[in-house]
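Trainee: requesting a structural model of the entry that follows:
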Amino acid sequence: MKNITIIGGGPAALMLAAEIDIKKYKVTICEKKKTVGRKFLVAGEGGLNLTFNSTLEALINQYSPSEFMDAAIRKFTNEDLVNWLNKHKIPTFTGSSNRVFPEQGLKPSEVLKRIVTLIKEKGVEFQFNKKWIGWNEKGNLCFENSKEIKSDITVFALGGASWKVTGSDGEWSEKFQDKNIEVKPFRAANCAFSVDWDKNFIKTQEGKPLKNIALTYKNHSAKGELVISKFGLEGNALYAISEKIQNTLLTEENTTIHLDLKPTLTVEQLKTKYKKTKLSKVTEILKKDLNLDRTSISILKHFTDKETFSNEDLLVKAIKSLPIVLKSAEEIDKAISTLGGISLDEVDENFQLKKIPNSYTIGEMLEWYAPTGGYLLQGSFSMGFYLAKHLNTL
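Mentor: So this is what the prediction gives:
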């Protein structure tokens with residue numbers, strides 16, 4: 001029987017351990033923290049978004065690069081994940097936004113506990129407080145204050161570089177670079193971006209939401225919500241295009257997004273409403289006839305001059321496409337996830353490192369991206385499942 005050592009205890013690692021054939025392998029999970037799934041629990045603080053209910057093609061298109069994630073997602077789809085969770089007594093429901101969550105009343109900690117219990121009952125061994133620090137001259141795995149491990153197969157699931165408190169710190173990158181494995185620099189993803197707010201504006205608007213809006217960035221668009229912060233803007237609509245924005249900021253000092261405050265209405269429909277008004281004050285027209293809330297009106301005033309605000313045609317155009325200059329991204333440790341990691345050129349179609357035979361990498365430590373909305377967890381679960389099925393055939 002061969003030994004498999006899984007280093008890391010996030011969603012990708014747990015799914016791999018849950019699906020691996022223990023009749024063929026003796027499996028050990030080495031986790032540097034006292035417990036597994038710490039980032040999983042942090043992600044669940046605002047509601048544990050497990051996956052997204054959409055067609056398979058629409059799901060795959062959310063990933064970048066989509067061709068890299070294609071095989072794993074098709075092997076273990078969003079529907080497969082929901083069925084797998086239900087099978088293991090983790091019932092789910094689909095919210096109004098098509099996001100999939102554990103059944104109401106089922107806490108993230110209980111979801112994690114049921115997955116861990118399933119893995120333990122299979123006979124998988126967990127070793128905690130076991131920090132991987134590299135390889136020795138024999139190629140064996142070395143751990144801080146612990147004995148080396150000689151493993152037939154090693155799977156690295158060490159995570160990205162955000163939320164260091166959970167153990168996801170990216171410190172592992174140097175060890176791989178020492179092996180001449182390319183690791184792309186980490187950058188924040190699914191994060192806030194800075195905006196130069198007027199002091200008086202941010203005093204009254206900090207923490208206020210912009211609901212049911214849409215963003216356009218170059219040829220990309222996203223609907224959802226934003227939150228105004230002292231730093232700038234954050235929220236799912238911005239997260240969905242954060243990769244594109246970050247790629248621009250690699251070479252430019254700033255970039256501009258366009259905010260649509262009324263995505264359900266066209267310019268012509270807004271003009272019609274405006275012309276039918278019996279009100280005289282612009283603010284009252286915006287509030288009562290166009291149904292803009294106070295925060296939307298405030299940000300509209302912030303980014304328009306007096307001429308635009310008093311000109312019906314210019315104002316309507318601004319409502320539909322308000323330019324906002326973004327500067328820098330939020331620091332990595334405050335980001336939900338990261339860009340960068342081990343270059344995809346370094347692994348084969350089964351996530352095996354080309355330069356280190358019998359060693360695999362899965363999860364966020366690889367150079368792929370997904371927006372929030374359940375796509376990150378789905379991607380990690382799919383990779384773990386896909387690798388388990390591959391290893392079971394060896």
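Trainee: can you list the weak-confidence ranges in the stretch 201-350 of the chain?
Mentor: Within the stretch 201-350 of the chain, the set of residues satisfying pLDDT under 70 is empty.
Trainee: what secondary structure does the residue in the chain sticking out farthest from the centre sit in?
Mentor: Seen from the C-alpha centroid of the chain, the residue lying at the greatest distance (Cα atoms, centre = their mean) is Lys278, 46.4 Å away. At Lys278 the chain is in coil, as set by DSSP: H, G, I helix; E, B strand; the rest coil.
Trainee: where's it relative to Asn254, distance?
Mentor: Distance, Lys278 to Asn254, using Cβ to Cβ, to the nearest Å: 42 Å. Placement of C-beta: from N, CA and C, glycine included.
Trainee: and if you look at Ile115?
Mentor: Separation of Ile115 from Asn254 (Cβ to Cβ): 43 Å.
Trainee: then Ser168?
Mentor: Look at Ser168 and Asn254: by Cβ to Cβ, they are 29 Å apart.
Trainee: repeat for Ile20
Mentor: Taking Cβ to Cβ, one finds Ile20 at 47 Å from Asn254.
Trainee: please identify which of the two sits among more neighbours.
Mentor: Neighbour totals were compared for Ile20 and Asn254, and Ile20 leads with 24 against 14 (other Cβ atoms under 10 Å).
Trainee: report the mean confidence score over the particular helix or strand that has Arg74 in it.
Mentor: Using DSSP states H and E, the element containing Arg74 is helix 66-75. Here helix 66-75 scores 98 as its mean pLDDT.
Trainee: tell me what it is packed against?
Mentor: Under the contact criterion of 3 or more Cβ pairs under 8 Å, 6 or more residues apart in numbering; DSSP states H and E, helix 66-75 touches helix 56-60, helix 375-392.
Trainee: the last one: which residues count as buried?
Mentor: By neighbour count with 16 or more other Cβ atoms under 10 Å, helix 375-392 contains the buried residues 375-389, 391.
Trainee: try the shortest one
Mentor: Neighbour-count burial for helix 56-60, counted by 16+ other Cβ under 10 Å, picks out 59-60.
Trainee: with only the CA atoms kept, save it in PDB.
Mentor: Only the C-alpha atoms of helix 56-60 are listed here, as PDB (Å, rounded to 0.1, in the frame of the first residue of the first chain):
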ATOM      1  CA  LEU A  56     -22.400  24.100 -16.500                       C
ATOM      2  CA  GLU A  57     -21.100  26.300 -19.300                       C
ATOM      3  CA  ALA A  58     -21.900  29.500 -17.400                       C
ATOM      4  CA  LEU A  59     -20.100  28.100 -14.300                       C
ATOM      5  CA  ILE A  60     -17.000  27.200 -16.200                       C
END
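Trainee: what about Val27, distance to Gly224?
Mentor: Per Cβ to Cβ, Val27 is found 39 Å from Gly224.
Trainee: check contacts around Phe176.
Mentor: By Cβ atoms under 8 Å, 6 or more residues apart in numbering, the contact set of Phe176 is 183, 342.
Trainee: cutoff 6 Å now
Mentor: Val183 (Cβ atoms under 6 Å, 6 or more residues apart in numbering).
Trainee: one more: Glu312?
Mentor: Counting by Cβ under 6 Å, 6+ apart, Glu312 touches Tyr274.
Trainee: which residues touch stretch 102-117?
Mentor: For stretch 102-117, the surrounding residues in contact (Cβ under 6 Å, 6+ apart) are 14, 37, 40-41, 44, 48, 89-93.
Trainee: switch to 8 Å and redo it
Mentor: 14, 18, 36-37, 40-41, 43-45, 48, 50, 85, 88-93, 126.
Trainee: and the helix or strand hosting Cys142, what's buried?
Mentor: In this structure, Cys142 sits in strand 141-143 according to DSSP H and E. Buried residues in strand 141-143, defined by neighbour count with 16+ other Cβ under 10 Å: 141-143.
Trainee: which regions of the stretch 51-200 of the chain lie under the pLDDT threshold?
Mentor: Counting by pLDDT under 70, the stretch 51-200 of the chain shows no low-confidence range.
Trainee: that one: helices as residue ranges?
Mentor: Taking DSSP state H, counting those that start in this stretch, the helices of the stretch 51-200 of the chain run over residues 56-60, 66-75, 78-87, 108-122, 173-177, 199-205.
Trainee: kindly reformat those helices as TSV containing distance to Phe186.
Mentor: Output for these, formatted as TSV (distance: least, Cβ to Cβ, whole Å):
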stretch	distance to Phe186
helix 56-60	24
helix 66-75	18
helix 78-87	27
helix 108-122	25
helix 173-177	8
helix 199-205	29
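Trainee: among those, which is nearest Gly9?
Mentor: helix 108-122 (8.9 Å; Cβ to Cβ).
Trainee: kindly export the closest one (C-alpha atoms) in CSV.
Mentor: Taking Å, rounded to 0.1, in the frame of the first residue of the first chain, the C-alpha atoms of helix 108-122 are listed here in CSV:
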residue,chain,number,x,y,z
PRO,A,108,-20.3,26.5,8.8
SER,A,109,-18.6,24.8,11.8
GLU,A,110,-21.1,22.0,11.6
VAL,A,111,-20.6,21.6,7.9
LEU,A,112,-16.9,21.4,8.4
LYS,A,113,-17.3,18.9,11.3
ARG,A,114,-19.4,16.6,9.2
ILE,A,115,-16.9,16.6,6.4
VAL,A,116,-14.0,16.0,8.8
THR,A,117,-15.9,13.2,10.6
LEU,A,118,-16.5,11.5,7.2
ILE,A,119,-12.8,11.6,6.4
LYS,A,120,-11.8,10.3,9.9
GLU,A,121,-14.3,7.4,9.7
LYS,A,122,-12.6,6.4,6.4
